[in-house]
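Novice: 3D, please:
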Amino acid sequence: MKQTQQRLFAICMMLGFCFTAFSQNCTLVGWASQNGGVTGGGSATPTVVSNYTDFKNAVTSTTVKVVHISGTITFPAAGRINFQDQTGKTIYGLPGSKLVSTDLTAAGSGILYVKRCSNILFRNITFEGPGAYDTDGNDNMTIDNCTNVWVDHCDFQDGVDGNLDVKNLADYISITWCRFIYLKPPISGGSGGANDHRFSNLFGSSDGATGDRGKLRITMQNCWWAQGCKERMPRVRFGKVHIVNNYFSCSGNNHCVRAGFEADLRVESNYFENVNNPIDLFDNDFTAVSSINNSFVGTTGTTAGSGTAFTPPYTLTVTPAANVKSQVMTGAGATLSSPTCSGTANYTLTTTASPAAGGTVTGAGSYAAGSTATVTATAATGYTFTGWSGAASGTTNPVSITMNANQSVTANFTATTTTYTLSVTASPAAGGTVTGAGSYSSGATATITATANAGYSFTGWSGDASGTSTSTTVTMSANKAAVANFQAVSGGSSTIRIEDDATASTGFCSYEGSISSNSGANNGKVVNLTNSTAKGVNWKVNTPAGGSYTLTWRYVNSSSSNTYTMKLLVNGVTINSAQPFAKTSSSTTFATSTATVSLVSGGNIIRLESVTSNATADIDWIEITGNSPVAGDCNVAKAAPLLLPIAATKEKTGVYPNPSNGLTNIGFYLAEADNVTIAVVNAAGKTVLSQSSKLQAGYHIKALNMGGRQAGLYIVTVSGVKKQGEVFKLIIE
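Specialist: Model (predicted):
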């Protein structure tokens, strides 16, 4: 840019006058100034990009409003970017930047295809293609069906099919201070047949595209068709195109401006030098071509127009043709040093994290010369910031950088050693042992092993481990907890199933809902609970001894509006407030849900209960696996004496008075301190009262207020972490 400024100063001195290049060069003129004009992305914070992926993401994002291109970005094969359906955006090339495509194929060539966009500004961008090759490919940039687009101070080089085309209902376009050039020789042998297809600009794609009538209103001012351009500078169909103050120096060409079908051209105050056919009237099927105050130096062929072209609705300053050459050669192309067009130099700050996974760095962007940039490093989890390198040093964070040149700064991070804890548990505790607990470094693999005690078998892992192998591994990316689940096998392990067509005397106690038909169910029926909170289904099972048992439900739960958990209660105590019943793929596709629970000797009430008012899983059957379970009779409560004598004490154990009118005491004995829960369950299996407390060893009496309860039979359970549950019958009169 310094050389450009020097060249401008020299020309100013020779001509005896100077114009304010940068303020003049960045003023919107022509057709794009109509219909609301062009503001682009305005003052939005720029997103600076220096590689293809970031550039593509920024261009195609509707939220990014200003994009600054830094350095050379080489497009991959078939990397042309479709920039569509956006409004209010600026794409600016920082000094020295360039977009490069080497793809010569029909489908993959081109750099930007801009479609259905409005209020868009392209400025100071260099587009470099691989060279002209007639494969009916793509231009460096195509503007399709867009309105109010301003292309300013851009350099278009060596497009495959052309440099810049405008077509298909596009309207209100201004192209100013742009250079069109072919620096690479044409490539022959293309499928289109033209061995020299250095055809720069096509406005309107075909004579049959009649939708372009009244559209394609385009202004080209202060542009330069330099060496290598053969034709189409531009070729126009339909549009009202104002070609003003441009310089044509492409010697050896076929023609410059070509008036195609229904073209309405105003060719005004341009400088044509050593070119052929400056104004080509072609098939004489245009609307009008006016040739006004142009300079023709060393040209051959047609220079005259025919008819009277349109009068622009806008005003602009028209430079005399004799001064156009020096003006355009000085300013056309990607010659700007600042996005503000003020002539003040801007410098680019690039930031990098090393390693990339170590953290993030903020502060990259474009800065005015002499300004101060603030750069901040933020370490990722597991990393520590250790210092700066490049344009900054030391460990101060954030750091300030004076922008007196393009700068690059690197934030350096080091991985830190993090230790995580693995805890293991056996469930039930008497079922076996588990090894592998301890502290591990982040990312380490811990091996855990479950060993069943006599009378138990290992059934599988839960928590942060899964599977049924007795040994498994856990990756330590955080604190983890694994549970080894065991099942009692003494007395012989067996499984019983209680279907939904069973009776109260065979274990199917009650349900709050209905029995529905389902062809996928085992017996063609399922339990469909009422869509309300705390509605449930109850089963009863008798066991010869207390211990661990496995419960399995077959169910269907296909609706996306359903709830995928239920509350599991055993003998009135909540075992799991969110027993999973995962979504199934259809209303006839069934799955199973499993839980391991502790059952007491004798009768046990198992209940599944809804937790919201949404629909829940429909239940086909329940299976109970363990030490010889049998279906219980729901009509018979466990016989329990009202007074159970305890050795060495005269205190009584049980509920009293019984029957009761509502005020009841329960007495029980603890061999050691324990967390004790007292629960009361009605005949339907629903918990109506529950209270927990931590108690010391010894005899205890707890008062139960059953006042206002419906008369009938209730079951009272007393259970603890260490105490085996006791079950009592209570009658309320």
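
Novice: surely residue 453 touches residue 486?
Specialist: Yes. Proximity of residue 453 to residue 486 meets the contact threshold set by CB atoms under 8 Å, at 7.4 Å. In short, each C-beta sits where N, CA and C put it, glycine included.

Novice: now do the shared contacts for these two.
Specialist: Counting by CB atoms under 8 Å, 6 or more residues apart in numbering, the shared contacts of residue 453 and residue 486 are 431-432.

Novice: so for these two, which sits in the more crowded spot?
Specialist: Set residue 453 next to residue 486 and count neighbours by other CB atoms under 10 Å: residue 486 wins out with 27 against 15.

Novice: just the pLDDT for that one.
Specialist: Looking at residue 486, its pLDDT stands at 90.

Novice: residues contacting it?
Specialist: Counting by CB under 8 Å, 6+ apart, residue 486 has contacts 426-428, 431-432, 450, 452-453, 456-459, 548.

Novice: one more: residue 525?
Specialist: Contacts of residue 525 by CB under 8 Å, 6+ apart are 500-501, 515-518, 620.

Novice: relative to residue 669, how far out is the spatially closest residue to residue 672 that is not a sequence neighbour?
Specialist: Spatially, and ignoring its direct neighbours in sequence, residue 672 is nearest to residue 697 (4.9 Å; CB to CB, 6 or more residues apart in numbering). Noted for residue 697: a distance of 9 Å to residue 669, by CB to CB, to the nearest Å.

Novice: and these two? Which one has more around it.
Specialist: Neighbour count, other CB under 10 Å: between residue 697 and residue 669, residue 669 has more, with 18 against 11.

Novice: that one reaches residue 696, doesn't it?
Specialist: No. Taking contacts as CB under 8 Å, residue 669 lies outside contact range of residue 696: 11.7 Å.

Novice: tell me the pLDDT at residue 116?
Specialist: For residue 116, the model assigns a pLDDT of 98.

Novice: distance check, it against residue 143.
Specialist: For residue 116 relative to residue 143 (CB to CB), the value is 11 Å.

Novice: the more surrounded of the two?
Specialist: Counted by other CB under 10 Å, residue 116 and residue 143 do not tie: residue 143 has more neighbours, with 27 against 16.

Novice: enumerate every residue touching the more buried one.
Specialist: 114, 149, 151, 164-167, 170, 173.

Novice: ok, now with 10 Å
Specialist: 83, 112-115, 117, 120, 122, 149, 151, 164-168, 170, 173, 175, 203, 218 (CB atoms under 10 Å, 6 or more residues apart in numbering).

Novice: please apply the same query to residue 439.
Specialist: Here residue 439 is in contact with 419-422, 446, 476, 479 (CB under 10 Å, 6+ apart).

Novice: do the same with residue 619
Specialist: By CB under 10 Å, 6+ apart, the neighbours of residue 619 are 500, 511, 513, 521, 526-529, 537, 539, 553-557, 566, 581, 593, 608.

Novice: and residue 168, by the same measure?
Specialist: 115-116, 142-146, 204-206, 209, 211-212, 215-216.

Novice: kindly provide the distance from it to residue 205.
Specialist: Where residue 205 is concerned, residue 168 sits at a distance of 6 Å (CB to CB).

Novice: how about the strands in the stretch 51-200 of the chain?
Specialist: For the stretch 51-200 of the chain, the strands defined by DSSP state E, counting those that start in this stretch occupy 66-69, 72-74, 81-84, 87-93, 98-100, 112-115, 118-123, 126-128, 141-144, 147-152, 155-157, 164-167, 171-176, 179-181.

Novice: okay, those strands in a markdown table with distance to residue 26 next?
Specialist: Below are the strands of the stretch 51-200 of the chain laid out as a markdown table (distance: least, CB to CB, whole Å):
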| stretch | distance to residue 26 |
| --- | --- |
| strand 66-69 | 15 |
| strand 72-74 | 24 |
| strand 81-84 | 22 |
| strand 87-93 | 11 |
| strand 98-100 | 21 |
| strand 112-115 | 21 |
| strand 118-123 | 8 |
| strand 126-128 | 17 |
| strand 141-144 | 20 |
| strand 147-152 | 7 |
| strand 155-157 | 16 |
| strand 164-167 | 19 |
| strand 171-176 | 9 |
| strand 179-181 | 16 |
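
Novice: residue 571 is nearest to which of the ones you listed?
Specialist: Each of the strands of the stretch 51-200 of the chain has some distance to residue 571 by CB to CB; the shortest is strand 81-84, at 65.1 Å.

Novice: can I get the CA coordinates of that closest one in CSV?
Specialist: The C-alpha trace of strand 81-84 is given here as CSV (Å, rounded to 0.1, in the frame of the first residue of the first chain):
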residue,chain,number,x,y,z
ILE,A,81,-18.8,-21.6,-0.9
ASN,A,82,-22.5,-21.0,-1.4
PHE,A,83,-23.3,-17.7,0.4
GLN,A,84,-27.1,-17.7,0.5
